[in-house]
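1. Structure of the sequence below:
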Amino acid sequence: MYVCTHTHIYKYAVSYIYTFLYLPPPHFSLTARDYPWILKSKRVDKLRDALKEVEDLMQNIPCVLSKWRNKYICQLLFHSGILVSLSLCGPQLEKVLIDRTLVGKLISDTISDAVLTDSFIILSFEDHNQLCFIQFTKTMDSLDVNKRLEKLSSLDFKISYVDILGPEGRRMKRHLAINSVQDMVICWWSATSDGAWPWSPISCERDRANLLLLGCAHGKLELHPHEWEPLDARFSSLQPQQVLTVELSVSAAKEPMADSCVYKCVRNRIQCASITRIPLRARAVSCCRDGTEDKLVLGCEDSSVVLYEAYNQVTVLAQAELLPAVIAYHPSGAVLLLGSSQGELQLFDTALSPIKIQLLAQDYSPEATLQFSKHCEVPTSLIQIQWAAPPVSLASPDCLDIHDLLLVRFDKGPLGVLQFKFGVFTRGQLGLMELIQQYIRYDEIQEAINVLSTMNWNTMGERCYICLSAICNHLLKQKLTPDREAQLEASLGTFYAPKRPLLDRTVLEYRDPISRYARRFFHHLLRYQRFEKAFLLAVDIGARDLFMDIHYLALDKGELALAEVAKRKANDIDAESITTGIAFQYPCEDNCETKRFILGLCGKVQAVQTERSVRGKELKIIVHINIKGQSHSSLNICWCPLESHPAVMLWQCSDGIFSDVSTGSDPGSKAAAWHAVGSLPLHEEYRC
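-> Just a heads-up that it's a prediction; the model follows:
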């Protein structure tokens, strides 16, 4: 029996809860909502009996590992070696396989942790300083490996053991982690100094070590002691030779801290590459990293949540409504989910803005947390939440892959899957773009800007530009207020004053389209007579025409002093363009062939010379451009920016004699002149 419920996201998150085990019958109908009420299986009785058996296992035998093998199969490993595989179609349970192949074949039935791969299994034990290595000598013969369930006995395996260092005669939880290329494994455990240690005539520092690096060919490589207690240790998903740890420490003033450490595996040795100390208000009890490994989230004993951003070395603090015992980042990096041991869930976006959550109902009534105790019996504590997604290194490049299943496991049951439905507007996705679009839809602009400020222009430039455009377009359509003015500044500031430096290619790709939004913002300020802010923005843009716009509008409004200052600033820009050798500045569209031609020449320029003559209101700037590879020839472009319509004229040099090849007002002659140069296709008219 399983129950499905529904929630919505943005202000609220949308989800279905499918709980397979240990739930009372529901008191409402789901068939009207097109949700299954009975198990969809050809052998319902067999599936029901298997579920009952899994329920008994969870209540009587500790479950040491639960993980998604892929988005179709969830696996559970129990203390005695029993392996349970659950086959899903979406959130619906299709098949249960209980595999007892390993029972009685191991040196101990006190499995502590495990690494499960398609080619081997590694087990650690609580009461033995040994690791078990199970190598498969046969692969699965299924055409669809992702959905096929097979017992270990059909894979023909071989069992071997490796002795590891560590304290003797002490029962402890030994954790395992494997890197993305599956050639190195770490085994780590807590080594707190306040524990009871058996007497030994020889005390060795290596007995206090608590991080062991091994090769998957079960050859011991290196042992490393931690000064502080490790909270988490794992391999980097992006750098397979790096180990990332989070260690609990204290400052000189005995204040709680967390150390984010990076270790490099070089020549079979572990070397500490960097240590970042993060101050906390209370001791950390949980942690999680995002997919890019730039962000580290820490949950503390006082219910505070600390987000550390490695790229700019700042921390963001938020207060949760629960004690965050477990944390899970969504694979897209847009949201993170916090869970308490009492069975409560709370959702935050990547900027630590809370997102309310609501179960399916006729009325809109979102809540800060989702409490399982209100909907099912949860006699034990929540110990794990995990999104159904492959590791970053194994993720599909298809960005349309939907990750909407969350495994929810309580200590002795129930076990469930939470399915999120994000609506038709987001196409089922929950990425950064979709989250920002939903924020804009509900006019939560500040939250959208906060999320945009966490995005990396260098790696996701197109998505950043789409989000910035959406925010600016939304704000520029509305009446200007002090809040919207500040929001427009902040949104444009994500590009002009980013948290991390922009690469040159990123600046060159997006500076022109974003400058148009800056100019729209400038005219939006003028429309509401925000002269001071408009003047400052014109100074940042550095365009003469913007100061002339201020000049003429100030004259109309009687602001003579401002008009004079704007006129003087425009003249200064003209003078500066001559003295600094700036050939020309002109507003034109992206498809302007003249701009493309001139920018194409700039890559071949050997020398530039400017001359200036003023006849009334006409400004004439002559630019001499020598083109490489063409001896005794140069090109002279004369740009005459009249206030009514700037015109482009072409001069050609042959044997030192300049001749005007674009005289006359006939566009055809100008087109012929450009075509004669051989660098520009024929066009109706070349005017910027």
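
2. Can I take it that Arg170 is in a strand?
-> No. Using DSSP: H, G, I helix; E, B strand; the rest coil, the assignment for Arg170 is coil, not a strand.

3. So which residues of the stretch 501-650 of the chain form helices?
-> With DSSP state H, counting those that start in this stretch as the criterion, the stretch 501-650 of the chain has helices at 504-527, 531-541, 544-556, 560-579, 593-602.

4. Check the chain too.
-> Listed in chain order, the helices of the chain (DSSP state H) span 44-60, 432-441, 445-453, 461-476, 482-496, 504-527, 531-541, 544-556, 560-579, 593-602, 667-677.

5. Flag every buried residue along the first one.
-> Along helix 44-60, these residues count as buried under the neighbour rule (16 or more other Cβ atoms under 10 Å): Leu47, Ala50, Leu51, Val54, Glu55, Leu57, Met58. Heads up, the C-betas are built off the backbone N, CA and C, glycines and all.

6. same deal with the second one?
-> For helix 432-441, burial by neighbour count (16+ other Cβ under 10 Å) applies to Leu432, Met433, Glu434, Leu435, Ile436, Gln437, Gln438, Tyr439, Ile440.

7. Let's have the residues you listed in a markdown table, adding distance to Gln242 and pLDDT.
-> Supplementary listing: the buried residues of helix 432-441 in a markdown table, determined by distance: Cβ to Cβ, whole Å; pLDDT from 0 to 100:
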| residue | distance to Gln242 | pLDDT |
| --- | --- | --- |
| Leu432 | 25 | 92 |
| Met433 | 29 | 92 |
| Glu434 | 31 | 90 |
| Leu435 | 29 | 92 |
| Ile436 | 31 | 94 |
| Gln437 | 35 | 92 |
| Gln438 | 35 | 90 |
| Tyr439 | 34 | 94 |
| Ile440 | 38 | 95 |
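
8. now, which of those sits nearest Thr481?
-> Distance to Thr481 across the buried residues of helix 432-441 (Cβ to Cβ) is lowest for Ile440, with 16.6 Å.

9. contacting residues for the closest one?
-> Contact partners of Ile440, counting by Cβ atoms under 8 Å, 6 or more residues apart in numbering, are Ala448, Ala470, Ile471, His474.

10. any chance of the residues you listed in CSV, plus distance to Arg530, pLDDT and neighbour count?
-> Compiled in CSV, the contacts of Ile440 are given as follows (distance: Cβ to Cβ, whole Å; pLDDT from 0 to 100; neighbours: other Cβ atoms under 10 Å):
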residue, distance to Arg530, pLDDT, neighbour count
Ala448, 23, 97, 28
Ala470, 23, 97, 19
Ile471, 19, 98, 25
His474, 19, 97, 18
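
11. Need the helices of the stretch 501-650 of the chain in a markdown table (columns: mean pLDDT and mean neighbour count).
-> Putting the helices of the stretch 501-650 of the chain into a markdown table (pLDDT from 0 to 100; neighbours: other Cβ atoms under 10 Å) gives the following:
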| stretch | mean pLDDT | mean neighbour count |
| --- | --- | --- |
| helix 504-527 | 94 | 16 |
| helix 531-541 | 91 | 17 |
| helix 544-556 | 92 | 19 |
| helix 560-579 | 86 | 15 |
| helix 593-602 | 40 | 16 |
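
12. closest one to Ile385 among these?
-> Across the helices of the stretch 501-650 of the chain, Ile385 has its closest neighbour in helix 504-527 (35.5 Å, Cβ to Cβ).

13. contact partners of the closest one?
-> 457-458, 461, 465, 468-469, 472, 476, 480, 485, 488, 492, 495-496, 531, 533-534, 537-538, 540-541, 543, 546, 549-550, 553, 590.

14. Closest one to Ser260 out of the buried residues of helix 432-441, please.
-> Of those, the one sitting nearest to Ser260 (Cβ to Cβ) turns out to be Leu432, at 23.1 Å.

15. Name the nearest residue to that closest one, sequence neighbours excluded.
-> Ala334 (4.9 Å; Cβ to Cβ, 6 or more residues apart in numbering).

16. what's the burial count for that neighbour?
-> 22 (other Cβ atoms under 10 Å).

17. and if you look at Leu347?
-> Here the count is done by other Cβ under 10 Å, and Leu347 has 23 residues near it.

18. any idea how far Tyr510 lies from Arg409?
-> Counting by Cβ to Cβ, to the nearest Å, the gap from Tyr510 to Arg409 is 44 Å.

19. Could you list the low-pLDDT ranges of the stretch 301-450 of the chain?
-> Within the stretch 301-450 of the chain, the stretches with pLDDT under 70 are 360-361, 390-401, 423-426, 428.

20. coming back round to it: between the helices of the chain, which one is nearest to Ile402?
-> helix 432-441 (11.0 Å).
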